[in-house]
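> can you look at this prediction? I've put the sequence above it.
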Amino acid sequence: MLAIKEIEGQLSWVDVPDLCIEPGAVRIRVAATAVNRADLVQRAGAYPPPPGVTDILGLECSGQITELGEGVEGWELGDSVCALLPGGGYAEEVVVPAQHLLPIPERLSLVEAAAIPEVFTTAWLNLRLEGSLKDQERVLIHAGASGVGTAAVQLCKAWGNPVVVTVGGEQKCQRMLAMGADLAIDRLAGPWAKDAKAHGKFDLILDPVGGQYLESNIWSLNPGGRLINIGLMGGREGTLPLAPLLTKRLQVKGSVLRSRSNEEKGRIIAALREEVWPLIESGQVSPLIHEVIAINEAERAHALVQTNKTIGKVVLKVH
């Protein structure tokens, strides 16, 4: 089969060994995959795949089932699906545990559906499961124009939770307001914490930035607030003020999806299907796609994401 591999510093569409199928898994002919910032970090050598997982990039895909492993129930050959992957999405085919599949929402194309699994699973996981988000609680989302950010903003709006975002640039601010954010703060115009404070404090902060935002995040939380850190784009170290951590009874959690067990991912995806899929089917939330690029132009797609100018996802079309 063909897949993207890095050869002499360039992402190239080349032959790789075919995949073997295991009991409980399905084989998917990939229609499309999507670029996640984790792909860029892995390529830079800072986010290796879990043990036993392919080094081919790609944490999600859409396509059609072409083979069922022993014991698979509830799916048929030819079913159109999207899937959460530990890796391997930049390829003609993937093999994935059946419990990591989701049906394609009827109103979306296969290409559009490729932008759903990673970001909506990550957003739901960290808002609901890790963040214990309740009705009317106020949310601050950093990197609001990212794939996860745009998914999280839409979910908060659908659930009725007030939401503030930080983004880079006025264009992104306007897009986030149009999506339903109550306030969009341009981090390029100055420190975000002052503008956020003027809008009140927060019960939950979703942060892929890390390091340099840690102290401001703590001071921006209400009593009983939760900080969920899902990335390190702003550095691996920061100042943690202990006084407000204690007096306000705050929680600081780190969260990553990729390294969780297949069984845990399966439970998360089942919960996502129950709560979020009806919102996607009804059109209340949708994957936001910045651009669709052919898989053999993966190098250009990575360069585009690296600019930090994208809003939503960059999708790679395979078939």
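That came through fine.
> residue nearest the middle of this protein, spatially speaking?
The residue lying closest to the centre of the chain (Cα atoms, centre = their mean) is residue 119, at 2.4 Å.
> and the gap between that residue and residue 129?
Distance check for residue 119 against residue 129: by Cβ to Cβ, to the nearest Å, it reads 15 Å. Yep, even glycine has a C-beta here, placed from its N, CA and C like the rest.
> residue 169 now?
31 Å.
> likewise residue 145?
Applying Cβ to Cβ to residue 145 and residue 129 gives a distance of 24 Å.
> neighbour count for the two, which is higher?
residue 145 (27 against 15; other Cβ atoms under 10 Å).
> what residue spans form the domains of the chain?
2-115+288-317, 131-254 (automatic domain parsing).
> save those domains as a markdown table, and put in distance to residue 264 and mean pLDDT too.
A markdown table is the format used below for those (distance: least, Cβ to Cβ, whole Å; pLDDT from 0 to 100):
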| stretch | distance to residue 264 | mean pLDDT |
| --- | --- | --- |
| domain 2-115+288-317 | 10 | 97 |
| domain 131-254 | 15 | 95 |
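> any chance of the ones you listed in TSV, with distance to residue 269 too?
Compiled in TSV, the domains of the chain are given as follows (distance: least, Cβ to Cβ, whole Å):
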stretch	distance to residue 269
domain 2-115+288-317	6
domain 131-254	15
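> give me the nearest residue to residue 272, chain neighbours excluded.
Residue nearest to residue 272 in three dimensions, not counting chain neighbours: residue 124, with 5.0 Å by Cβ to Cβ, 6 or more residues apart in numbering.
> assign a three-state SS to the one you found, would you?
What DSSP: H, G, I helix; E, B strand; the rest coil gives for residue 124 is helix.
> for it, give its distance to residue 264.
Distance, residue 124 to residue 264, by Cβ to Cβ: 14 Å.
> more neighbours, those two?
It is residue 124, of residue 124 and residue 264, that has more neighbours when counted by other Cβ under 10 Å, with 22 against 12.
> right, and that one touches residue 274 too?
No. Here residue 124 does not reach residue 274: they are 10.2 Å apart, not a contact under Cβ atoms under 8 Å.
> next, the residue nearest to residue 25 when sequence neighbours are not counted: phi, psi?
Once flanking residues are discounted, residue 25 sits nearest to residue 69: 4.3 Å by Cβ to Cβ, 6+ apart. Dihedral pair for residue 69: phi -70, psi 170, per degrees, to the nearest 10.
> neighbours around residue 69, how many?
Residues contacting residue 69 under the criterion other Cβ under 10 Å number 17.
> same deal with residue 150?
Neighbours of residue 150 (other Cβ under 10 Å): 31.
> same question for residue 44.
Neighbours of residue 44 (other Cβ under 10 Å): 8.
> repeat that for residue 197.
Residue 197 is flanked by 12 other residues according to other Cβ under 10 Å.
> secondary structure class for it?
Assignment for residue 197 (three-state DSSP): helix.
> how about the contacts made by it?
Residues near residue 197 by Cβ atoms under 8 Å, 6 or more residues apart in numbering: residue 220.
> and the helices in the stretch 151-300 of the chain?
For the stretch 151-300 of the chain, the helices defined by DSSP state H, counting those that start in this stretch cover 170-179, 192-198, 214-219, 242-247, 262-275, 277-282, 298-306.
> re earlier: what angle separates whichever strand or helix holds the residue nearest to the centre of the chain from helix 262-275?
According to DSSP states H and E, residue 119 maps onto helix 117-124. When axes from the mean of the first three to the mean of the last three Cα atoms, to 10 degrees is applied, the directions of helix 117-124 and helix 262-275 differ by 80 degrees.
> immediately after helix 117-124, which helix or strand?
Using DSSP H and E, the next helix or strand after helix 117-124 towards the C-terminus is strand 139-142.
> list of residues touching that next one?
With Cβ under 8 Å, 6+ apart as the contact definition, strand 139-142 has outside contacts at 127, 133, 149, 152-153, 156, 161-166, 196, 202-209, 213, 217, 220.
> got it, and stretch 77-84?
26, 28, 59-68, 75, 94, 96, 100-104, 110, 113-114, 116-118, 121, 257, 265, 269.
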